[in-house]
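Asks: Sequence isn't available, so here's the structure alone:
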């Protein structure tokens, strides 16, 4: 992929400031920008920013990661820095804000068992305090990405969509399975209800398996409606995907839902993912309920130690 240009068409130095609450994915975003050819500097003290931009011209665009762990981080100081950069005729600055809702941040801290940088008394207070502090910064964002429900791969695709050169962008197709009982995942472009297909849940030998198991796949695909439905899906996306790519879209999310999110939706997502990959498309898969089940089983084993 071609690297991002160091300067805008009018000759200004490109500078992206990356911030957001701890745990939202700021470091992943900085690394993604680095992969796109940016000179990435994480946790640069704000006091050193003038030295960086007043130095010799740089041959690459700049991405600076800023968070509360920066040595001299302060909301007022950051706003002043943004204002000074915006006033300079030689700098094209942009604020990229990586966000996530409170529940997502609490879950991520619980999974990693990391200490929040603003507190030693559990992550919830620190998360709420940090989000409150960052409200004025969030309001100044030029690009805001909510990572709730996004994997690191998805976040990288979003970053690529905003910052990769137009001629270097790729279309990534994400296939998701989910349970309607837990609601729709965020950010889906297309949603298909496959509860009309035969349900393996009612077969005792298949109930505890999932839609990646060959026996479950055979059960679902034996439904007379499966092949016509799947053929129409393939025809639909044979039309839509090239058009989406031509339009400059870099990420397309397709969801399949069923009652429990274990069997039919998984089997369909897997089948379409394989078909699209065979057609040369870049494909990723996510099975939300299977991931939740795996996390619960892992947590249970941890509690038993």
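Replies: Here it is on my side, so go on. Here the structure is a predicted model, which is why all the values come from computation and not from measurement.

Asks: what about residue 244, helix or strand, and which?
Replies: Taking DSSP states H and E as the criterion, residue 244 maps to helix 226-246.

Asks: Let me know the average pLDDT across that helix.
Replies: For helix 226-246, mean pLDDT rounds to 95.

Asks: How about stretch 272-283?
Replies: 92.

Asks: Buried ones in it, by neighbour count?
Replies: Using 16 or more other CB atoms under 10 Å as the test for burial, stretch 272-283 gives 272-273, 275-276, 281, 283. Every C-beta, even on glycine, is put in place using the N, C-alpha and C of the backbone.

Asks: Which of those fall in helices?
Replies: Among the buried residues of stretch 272-283, DSSP state H puts 272-273, 275-276 in helices.

Asks: Widest-spaced pair of the residues you listed?
Replies: 273 and 275 (7.4 Å; CB to CB).

Asks: what helix or strand is residue 14 on?
Replies: According to DSSP H and E, residue 14 maps onto strand 13-19.

Asks: Which strands or helices does the helix or strand that that strand is followed by pack on?
Replies: Next along the chain after strand 13-19, taking DSSP H and E as the criterion, comes helix 26-35. Under the contact criterion of 3 or more CB pairs under 8 Å, 6 or more residues apart in numbering; DSSP states H and E, helix 26-35 touches strand 13-19, strand 39-42, strand 62-65, strand 91-99, helix 152-163.

Asks: so how far is helix 26-35 off the chain centroid?
Replies: Mean-position distance between helix 26-35 and its chain equals 12 Å (CA atoms, centre = their mean, to the nearest Å).

Asks: Stretch 51-59 now?
Replies: Using CA atoms, centre = their mean, the offset of stretch 51-59 from its chain centre is 31 Å.

Asks: Can you classify residue 89 as helix, strand or coil?
Replies: coil (DSSP: H, G, I helix; E, B strand; the rest coil).

Asks: Tell me, how many residues neighbour it?
Replies: Residue 89 sits with 8 neighbouring residues when counted by other CB atoms under 10 Å.

Asks: do you know how far it is from residue 11?
Replies: Distance from residue 89 to residue 11, counting by CB to CB, to the nearest Å: 10 Å.
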